[in-house]
Each structure stands twice: as C-alpha cells, then as structure tokens.
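[1] this one's structure only:
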C-alpha cells in the first residue's frame, strides 16, 4: 500500500512572496490524482473558502500551531490577522461544516512531512531565500 502511495505522490511547490517580512513563504500541496493545481485554488483551500480539491478529494489543511515560530506571520499573510484569530476562524468554519478540520503542527519540518504523507494536504511554510525556481514539481517514486 505504501509503495503505491509513493508512486502516486505528487507534490507541487512554489514560492509566494510575503509582504509581512523579508522571508519568503512556500506554498506546498500534495495534489490528489484527478485534481488540477492552481495557486488561486490552493489559496482558497488555505483560507477556508473551499473544502475539497476540484477532483472531490477533501483538503487537509496544515496550519502552524501556537508553538510554531511562524504562527502569527502565516496568519497575517494568509488572512490578515493574528494567529489566535486564525484559529478562531478555523474553529467556526469546522463546526459550521464548511471545511475539514485543519491539522496544527509545531514546525515547518512537521508540516512538510505531513503534506508529503497526506493526499490532499496543503500548507504554507516560511522559507529562507534559496535558489529554487518559482515552480518546482517533484514526483516521488521508489
């Protein structure tokens, strides 16, 4: 089962600049088979505007927990307010049935691991300046 999972794992990464700090932000997604990736759609999943990928697979949003160093920065960039307000918003969205519950993780490394292991996962992480191109698609196969 795991062998088959890794064969179909498609992870799309692209840089999105942040007006909040000098750091770059990295939008990562494990796009499910049958779904198309677009920046606008991924942002709508992260903001809680959409519940599922366009192929019908439920989105699994990963957000920084209160323990994360970039908790407030991600919230400010994503929604324009504090981390605490971001968690309140997501709490209301989940209990109204508009979105799937997000997964809160303590570090960017934990978020990247979660996205790689979870079909339909999408997240925003901080990333220092790097020499990565604007769009990188990585196919992971055994």
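    In hand now; what should we look at? Everything numeric here is computed off the predicted structure, so don't read it as measured data. Numbers count the residues shown, from 1 in each chain.
[2] what's the mean pLDDT across the helix ranked longest in the chain?
    Longest helix in the chain by number of residues, with DSSP state H as the criterion: helix 83-95. Mean per-residue pLDDT for helix 83-95: 94.
[3] and the residue nearest the centre of the chain, helix, strand or coil?
    In the chain, the residue lying closest to the centroid (Cα atoms, centre = their mean) is residue 123, at 1.2 Å. Assigned state for residue 123: strand (three-state reduction, DSSP: H, G, I helix; E, B strand; the rest coil).
[4] is it true that it touches residue 113?
    No. When contacts are counted by Cβ atoms under 8 Å, residue 123 is not listed as touching residue 113 (10.5 Å). For the C-beta atoms, the positions are set from N, CA and C on the backbone; glycine is no exception.
[5] next, the buried residues of the helix or strand containing residue 110.
    Residue 110 belongs to helix 108-117 when assigned by DSSP states H and E. Neighbour-count burial for helix 108-117, with 16 or more other Cβ atoms under 10 Å as criterion, is recorded at 108, 110-112, 114-115.
[6] do stretch 50-60 as well
    Neighbour-count burial for stretch 50-60 [16+ other Cβ under 10 Å]: 50, 53, 59-60.
[7] swap in stretch 40-50?
    For stretch 40-50, the neighbour count (16+ other Cβ under 10 Å) marks 41-43, 45-48, 50 as buried.
[8] with respect to residue 69, which of those residues is nearest?
    The shortest approach to residue 69 among those belongs to residue 46, at 18.7 Å (Cβ to Cβ).
[9] the longest helix of the chain: how far from the chain's middle?
    Helix 83-95 sits 16 Å away from the centroid of its parent chain (Cα atoms, centre = their mean, to the nearest Å).
[10] pLDDT weak spots in the protein?
    1-23, 127-142 (pLDDT under 70).
[11] strands of that one, residue ranges please.
    10-17, 24-30, 60-64, 103-105, 121-127, 135-139 (DSSP state E).
[12] let's have the buried residues of stretch 40-50 in TSV, adding distance to residue 33.
    As requested, the buried residues of stretch 40-50 are exported to TSV (distance: Cβ to Cβ, whole Å):
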residue	distance to residue 33
41	16
42	16
43	21
45	17
46	21
47	24
48	24
50	18
